[in-house]
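[1] next one to model:
(one chain, ligands or ions: 2)
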Amino acid sequence: MTLVAGIDSSTQSCKVVVRDAETGALVRSGRAKHPPGTEVDPQHWADAMAEAVADAGGLDDVDAISVGAQQHGMICLDAEGSVVRPALLWNDTRSASSATDLIDDLGGAQAWTDAVGVVPVAAITAAKLRWLADNEPDAADRTAAVCLPHDWLTWQLSGATGLDTLTTDRGDASGTGYFSAATNAYRTDLLSLALRGREPLLPRVAGPSEVVGRASSKGAALGPGTGDNAAAALALDARDGDVVVSIGTSGVVSAVSTVTPNDASGEVAAFADATGRQLPLLCTLNGAPVLDAMAKLLGVDHARLAELALSSASEGLVLVPFLEGERTPNRPAATGAIHGLRQHNSTPGHLARAAVEGLLCGLADGIDRLRHLGVRTDRVLLVGGGARSRAICELAPTIFGVPVAVPEPGEYVADGAARQAAWALSGDAEPPSWTHATATVYEGVATPEIRDRYSSVRELTDGSPLLG
Ligand SMILES: Nc1ncnc2c1ncn2[C@@H]1O[C@H](COP(=O)(O)OP(=O)(O)O)[C@@H](O)[C@H]1O
Ligand SMILES: O=C(CO)[C@@H](O)[C@H](O)COP(=O)(O)O
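    Ligands and ions are numbered 1, 2, ... in the order given. Next up is the predicted model:
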């Protein structure tokens, strides 16, 4: 049996799957935790990857490996290939005002969507680079190359032999703010704009199924890898009409599409998928950790939180889940809010229900936005850690207003990376046809009144915290 491995270096942890290259059957898997925080020395990711690989029984018998990872993270390397400063992650919001400055410098949001399909927000790599240029100019001066988490980890696996061997792919490059998924080309003028005239080396953009190198350990072929959301879409074999909703640390709504969105509101980014198509995508800063926070507040575990949420209606209680500020809508300084407390709804059940509904309403806004831009939204495929919640699964169709298919619990980002590795190994024109995971389909009656109530309360959170 020929084996391939897929790696997901995500925000909270690293996951490894080893699969049969031909059928996709799972052979073994492993995982390891990442440190918390939004500023992380990439060496921690390399260490966690090694630990997760060991947990998966090693990769000595594997013929190809691909890495999927959290998008946008800024990794700056000096001329010797050493990390200049800790990476700033997608959910680090210190670059919010740098994003606004960058928008102005190019002549407004429409100029950015026309250039690269993306309007900078704090998450976008270009905004982080502008922050670096303005706040740590010495570090910016020492930066000889800039890359993303999956680029760097792939490079580490290859032995990290020279900056000119760094590679990326279209999917992850499209999240930088200096690559256009429509033209498949870097806009180095925008990199230079971000870094106030500096123009470090960028990774070469490899083709979707290219072998970009060999693992320095046992010589396994290395696939190009991609961003986590493109990898998940590849694992799910998402088709026209499928909307992938991922509830991980982030909340993500995306769709594989032939449509290149042009959304000057900046909510839908024109990212690329891992097969050569487009991946219009919205991302929130507040995914499953909203449920973690409510479970902690109520002193229960996730299973009990779900039971509580399903035990009562919200009855006027609304939770706006902007606990980490928010990216979509773009309110980096916003805070979470609970609105509509009465004597009768001041119970753990009502609070749990409001948390689940608030999280889902934010994602439903995203689905509406995609639909508005002409993307078909026939059904939702729900993945990520939050999809393990029974309350999320049962309430999602009522809030989203479409059927929700929940594939069996799994590591879909790592699976997409493994499928890419098998594709690279095969040399075929298309990715291998792997047997799909079985999915449970949830349906329900739409509850527009919950969305309406959420929308009015959401507008009360204008982005400026009242206190501190
Ligand atoms: N049964 C569950 N119900 C709700 N949330 C869960 C459940 N199991 C895990 N989670 C949450 O899912 C998140 C991890 O999901 P994951 O998709 O792996 O995130 P990431 O890819 O961002 O690292 C954590 O915040 C975790 O607490
Ligand atoms: O910023 C984005 C997408 O634009 C996030 O989706 C990150 O890619 C992190 O994802 P998770 O850790 O939540 O899976």
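
[2] contacts, neighbours, all on C-alpha from now
    OK.

[3] list the contacts of residue 219.
    Shown in contact with residue 219 (C-alpha atoms under 8 Å, 6 or more residues apart in numbering): residue 63.

[4] how about it, secondary structure?
    coil (DSSP: H, G, I helix; E, B strand; the rest coil).

[5] distance check, it against residue 64.
    Distance, residue 219 to residue 64, by C-alpha to C-alpha, to the nearest Å: 9 Å.

[6] what of residue 4?
    Taken as C-alpha to C-alpha, the span from residue 4 to residue 64 is 5 Å.

[7] quick check: neighbours shared by the two?
    With C-alpha under 8 Å, 6+ apart, residue 4 and residue 64 have common neighbours 421, 422.

[8] tell me the residues of the chain that contact ligand 2?
    10, 11, 70, 71, 90, 228, 248, 249, 250, 252, 283 (C-alpha under 6 Å from any ligand atom).

[9] how many residues are close by the closest residue to ligand 2 within the stretch 301-450 of the chain?
    Residue nearest to ligand 2 within the stretch 301-450 of the chain: residue 384 (7.0 Å; C-alpha to the nearest ligand atom). The number of residues packed near residue 384 is 23, by other C-alpha atoms under 10 Å.

[10] what is the mean pLDDT for the biggest helix by length in the chain?
    Taking DSSP state H as the criterion, the chain has its longest helix at helix 348-372. For helix 348-372, the mean per-residue pLDDT is 97.

[11] report whether it contacts ligand 1.
    No - remark: helix 348-372 sits outside contact range of ligand 1, by C-alpha under 6 Å from any ligand atom, the gap being at least 9.5 Å.

[12] what is that helix packed up against?
    strand 251-254, strand 278-284, helix 289-298, helix 302-311, strand 318-320, helix 390-400, helix 448-458 (3 or more C-alpha pairs under 8 Å, 6 or more residues apart in numbering; DSSP states H and E).

[13] next, format the ones you listed as a markdown table and append mean neighbour count, distance to residue 328 and mean pLDDT.
    Below are these laid out as a markdown table (neighbours: other C-alpha atoms under 10 Å; distance: least, C-alpha to C-alpha, whole Å; pLDDT from 0 to 100):
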| stretch | mean neighbour count | distance to residue 328 | mean pLDDT |
| --- | --- | --- | --- |
| strand 251-254 | 27 | 10 | 98 |
| strand 278-284 | 26 | 5 | 97 |
| helix 289-298 | 18 | 15 | 98 |
| helix 302-311 | 20 | 25 | 98 |
| strand 318-320 | 27 | 12 | 98 |
| helix 390-400 | 23 | 17 | 98 |
| helix 448-458 | 17 | 12 | 96 |
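
[14] and the longest helix of the chain with helix 448-458, angle?
    Helix 348-372 and helix 448-458 are oriented at 90 degrees to each other (axes from the mean of the first three to the mean of the last three C-alpha atoms, to 10 degrees).

[15] and helix 348-372 with helix 289-298, angle?
    Interaxial angle of helix 348-372 relative to helix 289-298 (the same axes, to 10 degrees): 170 degrees.

[16] would you mark the buried spots in helix 348-372?
    348-367, 369-370 (16 or more other C-alpha atoms under 10 Å).

[17] give me the phi and psi angles of the residue sitting furthest away from the middle of the chain.
    In terms of distance from the mean C-alpha position of the chain, residue 343 ranks first, at 38.9 Å (C-alpha atoms, centre = their mean). Per-residue torsions, residue 343: phi -60, psi -50 (degrees, to the nearest 10).

[18] from residue 231, how far out is the residue in the stretch 51-200 of the chain that ligand 1 sits nearest to?
    Nearest to ligand 1, among the residues of the stretch 51-200 of the chain, is residue 70, at 7.6 Å (C-alpha to the nearest ligand atom). To residue 231, residue 70 is 10 Å away according to C-alpha to C-alpha.

[19] between the two, who's got more neighbours?
    Comparing residue 70 with residue 231 by neighbour count (other C-alpha under 10 Å), the higher total belongs to residue 231, at 33 against 23.

[20] which SSE is that one in?
    For residue 231, the element it lies in under DSSP states H and E is helix 228-236.

[21] any part of that helix near ligand 1?
    No - using C-alpha under 6 Å from any ligand atom, helix 228-236 never reaches ligand 1; the gap is at least 8.1 Å.

[22] for stretch 81-95, same thing?
    No - Stretch 81-95 is not in contact with ligand 1 by C-alpha under 6 Å from any ligand atom; minimum separation 10.5 Å.

[23] related to what we said a few turns ago, from the residues of the chain next to ligand 2, which is closest to residue 100?
    The shortest approach to residue 100 among the residues of the chain next to ligand 2 belongs to residue 90, at 16.2 Å (C-alpha to C-alpha).

[24] name the nearest residue to the closest one, ignoring sequence neighbours.
    Excluding its sequence neighbours, the residue lying closest to residue 90 (C-alpha to C-alpha, 6 or more residues apart in numbering) is residue 123, at 4.5 Å.

[25] if I look at that neighbour, how far off is residue 243?
    Where residue 243 is concerned, residue 123 sits at a distance of 22 Å (C-alpha to C-alpha).

[26] hang on, the earlier thing: next up, the contacts around the residue of the stretch 51-200 of the chain closest to ligand 1.
    Residue 70 neighbours (C-alpha under 8 Å, 6+ apart): 9, 10, 11, 90, 149, 150, 227, 228.

[27] of these, which belong to strands?
    9, 227 (DSSP state E).

[28] using TSV, please lay out the contacts of residue 70 together with pLDDT.
    Formatted as TSV, the contacts of residue 70 follow (pLDDT from 0 to 100):
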residue	pLDDT
9	98
10	97
11	97
90	98
149	98
150	98
227	98
228	98
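
[29] brilliant, that's me finished.
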